[in-house]
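> Generate a structure from the sequence data that follows.
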Amino acid sequence: MSDTTSIQQLEISFETFVVPPPYSHTYTFKLRFEADDLQLQYNLEYTHRDELSKEEIWEEGFSNQDDFSWKGSLPVVWCEALVATWEDTHLLSKQEQASSKPLENGLFMIAELTNGQQVTGIPEKIETWEYLLQELTQAVYEAAQREHPLRIRYLKRSSQKEELQLIITIRFLLRSLEVVRQQEKQQAKHTLPWTEVKSMLSTLYQLDYNTEEASAKMPALPGKYLDPGDNRWYQLGKEVTNPGRIDLTDSLRQKLESLIDSY
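This is a model prediction of the structure:
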């Protein structure tokens, strides 16, 4: 295990190995752990785009200026999350990792401890770090005001006059998960553990969404509707469906209904 109590700085380099351009990219995090916050420098660079024409890049929804850098501080809750993960991290040398399964992405760490020691390597549980870094990236985009917190809405309408709405706000910057239950003029607000976020988003992003049939207006007809964060309403079972045999829409509906019934 790593000596986590004395970690002072952490530099993380990430690179996609199997993703083609224009999606292939690298990014680095330079982190310094302070008593009151996390000092951070982030650099994102897309790679191998010289293999494509400008038109091919644009057709995929990108531009010629997608690289991004940001420097600033994040709340101390991010120090706690990173240190907790580092505490359970075992670093492998490049030779040790090469003898195991091939990687789809490269991830390399350089840690500086308060005693002056430097440790380097590839985390054995690389998937754990990949997911945490996705959350950290979203926190950076919120701090840089390039993206808003994620808002998920669930609408349960039994008639044109009776409706119940659940509003879930995920703030990556603060690592907070807030649920608001609205029915008529009554409103109740609650906070859920951050550990709920991963499974919720995993289900949400596996579903198939028919954006052409979705509506930007609040649905008026009876039914159950979902706004996954793009400000469009999708009726469950119609505009949002399962990608395979597993009934993910029903799993998500049950989760949302349980939140409604809890408050």
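
> and the residue nearest to residue 229 when sequence neighbours are not counted, backbone torsions?
Leaving aside its chain neighbours, residue 229 sits nearest to residue 150 (5.0 Å; criterion: Cβ to Cβ, 6 or more residues apart in numbering). (Each C-beta comes from the backbone N, C-alpha and C, glycine too.) The phi/psi pair for residue 150 (degrees, to the nearest 10) reads phi -80, psi 130.

> likewise residue 231?
Main-chain dihedrals, residue 231, degrees, to the nearest 10: phi 60, psi 30.

> how close does it get to residue 102?
Distance of residue 231 to residue 102, computed by Cβ to Cβ, to the nearest Å: 40 Å.

> Output the below-cut-off pLDDT ranges for the stretch 51-200 of the chain.
For the stretch 51-200 of the chain, the stretches flagged by pLDDT under 70 are 160-161.

> Helices along that one, start to end?
54-59, 76-87, 94-98, 126-143, 196-206 (DSSP state H, counting those that start in this stretch).

> now the angle from the fourth one to helix 76-87?
Between the axis of helix 126-143 and that of helix 76-87 there is an angle of 170 degrees, by axes from the mean of the first three to the mean of the last three Cα atoms, to 10 degrees.

> Off-centre distance for helix 126-143?
6 Å (Cα atoms, centre = their mean, to the nearest Å).

> could you give the angle of that helix to helix 196-206?
90 degrees.

> Alpha carbons only: can I get helix 126-143 in PDB?
Presented in PDB, the C-alpha positions along helix 126-143 are these (Å, rounded to 0.1, in the frame of the first residue of the first chain):
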ATOM      1  CA  ILE A 126      -6.700   1.300 -12.800                       C
ATOM      2  CA  GLU A 127     -10.500   1.200 -13.400                       C
ATOM      3  CA  THR A 128     -11.100   2.800 -10.000                       C
ATOM      4  CA  TRP A 129      -8.800   5.700 -10.800                       C
ATOM      5  CA  GLU A 130     -10.200   6.100 -14.300                       C
ATOM      6  CA  TYR A 131     -13.700   6.600 -12.900                       C
ATOM      7  CA  LEU A 132     -12.600   8.900 -10.100                       C
ATOM      8  CA  LEU A 133     -10.700  11.000 -12.700                       C
ATOM      9  CA  GLN A 134     -13.900  11.300 -14.800                       C
ATOM     10  CA  GLU A 135     -15.600  12.800 -11.800                       C
ATOM     11  CA  LEU A 136     -12.600  15.000 -11.100                       C
ATOM     12  CA  THR A 137     -12.700  16.200 -14.800                       C
ATOM     13  CA  GLN A 138     -16.400  17.100 -14.400                       C
ATOM     14  CA  ALA A 139     -15.600  19.100 -11.200                       C
ATOM     15  CA  VAL A 140     -13.000  21.000 -13.200                       C
ATOM     16  CA  TYR A 141     -15.500  21.900 -15.900                       C
ATOM     17  CA  GLU A 142     -17.900  23.100 -13.200                       C
ATOM     18  CA  ALA A 143     -15.200  25.200 -11.500                       C
END
